[in-house]
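Trainee: This is the structure alone, sequence omitted:
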């Protein structure tokens with residue numbers, strides 16, 4: 001079995017996260033469909049509309065994504081980090097003002113930057129670290145898909 005060079009692994013993970021959040025490079029997204037490119041065209045009013053009868057708002061999707069990144073970052077850095085309430089955001093984030101919507105997007109950017117820092121400073125890449133990093137990419141890509149699909153339903 002050949003060992004994976006951790007420098008190559010981190011470079012690939014950072015490139016996939018960059019595609020997911022900022023700059024489509026052709027790994028799996030179409031041009032202009034990264035998360036922040038998608039969010040740039042969404043108003044607070046549109047982010048406040050529940051998608052369907054019992055579905056979350058776009059604001060909740062984005063807030064949840066930032067929350068997930070924060071939980072991963074904090075739990076890796078502190079093994080005693082308390083268990084997260086995964087349902088809180090879905091229960092509490094509904095309609096948002098323009099300032100609240102901007103703050104949620106800024107929170108997502110800050111959470112993303114913390115995850116990048118975590119990836120770049122992780123000294124040892126074992127199964128848990130690799131799985132967690134891939135999980136961050138997969139989880140964020142899932143919510144990006146949810147947001148983009150919701151925009152179709154909302155007429156955008």
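Mentor: That came in fine, so what should we check first? This is a predicted model, so every value here is computed, not measured. Residues are numbered from 1 along each chain as shown.

Trainee: Do I have it right that residue 42 meets residue 58?
Mentor: Yes - Residue 42 lies in contact with residue 58 (CB atoms under 8 Å); the separation is 6.1 Å. Quick note: C-beta positions are derived from backbone N, CA and C, even for glycine.

Trainee: more neighbours, those two?
Mentor: residue 58 (29 against 20; other CB atoms under 10 Å).

Trainee: Excluding chain neighbours, what is closest to the more buried one?
Mentor: residue 47 (4.3 Å; CB to CB, 6 or more residues apart in numbering).

Trainee: For that neighbour, the count of nearby residues, please.
Mentor: Look at residue 47: counted by other CB under 10 Å, it has 26 neighbours.

Trainee: Over to residue 50?
Mentor: 16.

Trainee: Just give the number of residues close to the nearest residue to it once chain neighbours are set aside.
Mentor: In this structure, residue 50 finds its nearest non-sequential neighbour in residue 57, 5.4 Å apart by CB to CB, 6+ apart. Neighbours of residue 57 under the rule other CB under 10 Å: 20.

Trainee: for residue 155, same thing?
Mentor: Neighbour count of residue 155, defined by other CB under 10 Å: 7.
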